[in-house]
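**Student:** Turn this into a model:
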Amino acid sequence: MDKNLTAFLVVARTGNLTKASEQLRVTQSSVTKRIANLELEVGASLFERHRRGMRPTPAGKIFLDHATQIDAEYRQSKERVAAIGAAGLSVLRVGAGPLFHLCYIAPLFNELSQNYPELTFELLTDANVRTIPMLLEGTLDAVFGIIEPEALNDSIFVKHMVDVEHGIVMPKSEPAASLERVDPAQFAGKSWVVYTDDPDTEKTISDYYVPGGNMPPNVKVRTTSFTTGLQMVAQGNFVMSAPLQLASNIEAQGLVIRPALKRMKKRGAGLHLRKSSMGFAAIQLLLGTLERIEFAGV
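**Tutor:** All right, here's what the predicted structure looks like:
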């Protein structure tokens with residue numbers, strides 16, 4: 001890709017000429033010259049200096065949106081050419097939310113490793129808000145999580161796998177634990193744990209309170225560790241929202257999960273891939289394996 005455009009993207013991401021020159025392995029003066037050349041081409045100043053480094057100007061922010069798309073197209077075109085040339089992946093990098101990393105990933109990786117012994121795996125357990133951008137930029141090869149069409153574009157292939165409904169996790173000692181369904185308003189005095197920054201789930205919880213005139217729930221802890229969330233519920237005055245499909249995992253921690261009285265909205269979830277990577281043998285094997293094996297708990 002054009003070296004001036006590459007320099008622009010690295011400076012925009014790092015916000016610092018020194019860091020950008022280190023990443024590009026060129027001198028700071030070379031980076032400055034490349035940015036100046038690009039500004040001359042587009043006819044506008046793209047960066048302004050501040051105490052901590054560099055930040056895009058209004059024109060730079062507009063240019064950054066398009067430059068990011070150009071960079072993604074360039075990388076994905078190389079990926080498609082590599083797939084045609086039978087260049088496979090040696091490392092499969094996967095992002096997954098709690099439902100998928102607790103129920104799907106272990107049997108999936110085991111099956112793949114048996115059929116594709118040269119393949120190694122990397123797993124990042126996190127929410128879509130971080131994993132989908134990493135998929136788009138090529139840091140991850142596959143993402144398992146909630147399907148959010150507004151966060152995707154035409155370069156992403158999606159395979160629906162399961163509909164996710166959240167319930168409320170509580171200790172067995174909680175009076176509501178004996179009920180088949182619970183009213184979230186019963187937990188008005190409790191603090192909530194929310195898995196990472198999932199705005200949809202947090203809004204769903206809030207919607208149970210606000211229409212009735214009650215105070216919105218007190219979200220005290222946001223965590224990227226599902227296990228830590230369960231520990232908070234077990235040890236403190238907390239409740240937590242989680243997929244009902246994880247009931248067996250939750251019960252193993254001495255807790256229970258119950259559906260809400262007014263059932264929470266189901267949300268589709270599944271596999272996300274870059275279309276440009278689908279020619280790779282490892283990706284094809286991943287898709288084939290998902291069709292063949294059964295997953296516990298789902």
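**Student:** so where do the helices sit in this structure?
**Tutor:** 3-14, 17-24, 28-42, 58-84, 98-103, 105-115, 128-137, 199-207, 226-235, 247-251, 281-292 (DSSP state H).
**Student:** okay if I get the ones you listed as CSV plus mean neighbour count, distance to Lys172 and mean pLDDT?
**Tutor:** C-beta: built from backbone N, CA, C; applies to glycine. Output for the helices of the chain, formatted as CSV (neighbours: other Cβ atoms under 10 Å; distance: least, Cβ to Cβ, whole Å; pLDDT from 0 to 100):
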stretch, mean neighbour count, distance to Lys172, mean pLDDT
helix 3-14, 20, 48, 86
helix 17-24, 18, 51, 85
helix 28-42, 16, 60, 87
helix 58-84, 15, 48, 72
helix 98-103, 23, 20, 89
helix 105-115, 15, 27, 87
helix 128-137, 18, 31, 88
helix 199-207, 16, 21, 67
helix 226-235, 19, 10, 90
helix 247-251, 17, 9, 91
helix 281-292, 16, 35, 83
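**Student:** Out of those helices, which is closest to Ala176?
**Tutor:** helix 226-235 (12.9 Å; Cβ to Cβ).
**Student:** and the gap between the residue of the chain most remote from its centre and Ile70?
**Tutor:** For the chain, the C-alpha lying farthest from the average C-alpha position belongs to Leu40; by Cα atoms, centre = their mean, that distance is 37.2 Å. According to Cβ to Cβ, to the nearest Å, Leu40 and Ile70 sit 18 Å apart.
**Student:** same question, Arg55
**Tutor:** From Arg55 to Ile70 the distance is 20 Å (Cβ to Cβ).
**Student:** can you check Leu287 too?
**Tutor:** Going from Leu287 to Ile70 by Cβ to Cβ gives 28 Å.
**Student:** same check, this time on Gln23
**Tutor:** When Gln23 is compared with Ile70 (using Cβ to Cβ), they lie 18 Å apart.
**Student:** next one: Glu41
**Tutor:** 13 Å.
**Student:** Kindly report the same for Val42.
**Tutor:** 13 Å.
**Student:** Likewise for Pro149?
**Tutor:** When distance is defined by Cβ to Cβ, Pro149 is 23 Å away from Ile70.
**Student:** again, but for Val219
**Tutor:** Val219 is 39 Å from Ile70, by Cβ to Cβ.
**Student:** Over to Leu102?
**Tutor:** Taken as Cβ to Cβ, the span from Leu102 to Ile70 is 38 Å.
**Student:** and if you look at Gly15?
**Tutor:** With Cβ to Cβ as the criterion, Gly15 and Ile70 are 20 Å apart.
**Student:** Chain neighbours aside, what residue packs nearest to Lys172?
**Tutor:** Closest residue to Lys172 apart from its sequence neighbours, by Cβ to Cβ, 6 or more residues apart in numbering: Val256 at 5.6 Å.
**Student:** what bridges to the one you found?
**Tutor:** Under DSSP bridges, the beta-bridge partners of Val256 are Met170.
**Student:** For it, list the residues it contacts.
**Tutor:** Each residue near Val256 by Cβ atoms under 8 Å, 6 or more residues apart in numbering is listed here: 169-172, 174, 177, 250.
**Student:** go on, Phe187?
**Tutor:** 168, 170, 176, 217, 239.
**Student:** Can you report how many residues lie near the second one?
**Tutor:** Other residues near Met170 come to 24 when the count uses other Cβ atoms under 10 Å.
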